[in-house]
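Undergrad: Got a predicted structure plus its sequence, pasted below:
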Amino acid sequence: MAAAPKSVPWDHIEREQLTPLLQRQFFSTPQLTIGRFELKKGCFIPEHHHYNEQVTSVFQGALKLSFSGHDVIVRPGETVSIPPHLPHSAEALEDTLVIDVFTPPRRDWEQKQDAYLRQQKLA
């Protein structure tokens, strides 16, 4: 028997204040994790990598993603895919709302093994 669809309103999902400039909500299914990030202007996420494939969509603001010196600015209505294991960092050029999708799920987030996100660092 197939699994039933599940509706999850964002306002029912815990908001984690990771730093004064970064807030996250997320939930996972057996196949993926979806995260909603609110980044204040100047928020910087240091270079990191993970074995998860990532798709990032910007809904408000502007996000600069850096890949070993190559920068990509993602604006509302734009999406970028990040292959597994590719080192990258991010900087909010203005107040920004982002949806990230990861496969496989982000078990490190569930286990709070995400210290790189919890470091307050200005760009």
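TA: Structure received. Here the structure is a predicted model, which is why all the values come from computation and not from measurement.
Undergrad: what about residue 57, distance to residue 4?
TA: Per Cβ to Cβ, to the nearest Å, residue 57 is found 26 Å from residue 4. Every residue, glycine included, has its C-beta placed from N, CA and C.
Undergrad: Ok, residue 110 next?
TA: Remark: distance between residue 110 and residue 4 (Cβ to Cβ) = 22 Å.
Undergrad: Could you check which of the two is surrounded by more residues?
TA: residue 110 (13 against 5; other Cβ atoms under 10 Å).
Undergrad: Backbone torsions only: list them for that one.
TA: Per-residue torsions, residue 110: phi -60, psi -30 (degrees, to the nearest 10).
Undergrad: Chain neighbours aside, what residue packs nearest to it?
TA: Distances taken as Cβ to Cβ, 6 or more residues apart in numbering place residue 28 nearest to residue 110, at 6.7 Å, with adjacent residues excluded.
Undergrad: Was I right to think that neighbour contacts residue 105?
TA: Yes - using Cβ atoms under 8 Å, residue 28 is in contact with residue 105, at 4.1 Å.
Undergrad: hang on, residue 108 in a helix?
TA: Yes - per DSSP: H, G, I helix; E, B strand; the rest coil, residue 108 lies within a helix segment.
Undergrad: and residue 119, how far is that from residue 69?
TA: In terms of Cβ to Cβ, residue 119 sits 21 Å off from residue 69.
Undergrad: Look at those two and report which has more neighbours.
TA: residue 119 (12 against 5).
Undergrad: What score does that one have for pLDDT?
TA: pLDDT, residue 119: 80.
Undergrad: same thing with residue 123?
TA: 53.
Undergrad: buried ones in the least confident helix or strand in the chain by mean pLDDT?
TA: With mean pLDDT, DSSP states H and E as the measure, the helix or strand of the chain carrying the lowest mean pLDDT is helix 107-110 (a mean of 90). The neighbour-count check on helix 107-110 (16 or more other Cβ atoms under 10 Å) flags 108, 109 as buried.
Undergrad: can I get the CA coordinates of that helix in CSV?
TA: Output of helix 107-110 as CSV, limited to C-alpha atoms (Å, rounded to 0.1, in the frame of the first residue of the first chain):
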residue,chain,number,x,y,z
ARG,A,107,20.6,13.3,9.4
ASP,A,108,23.3,15.6,10.7
TRP,A,109,20.7,18.3,11.2
GLU,A,110,18.4,15.9,13.0
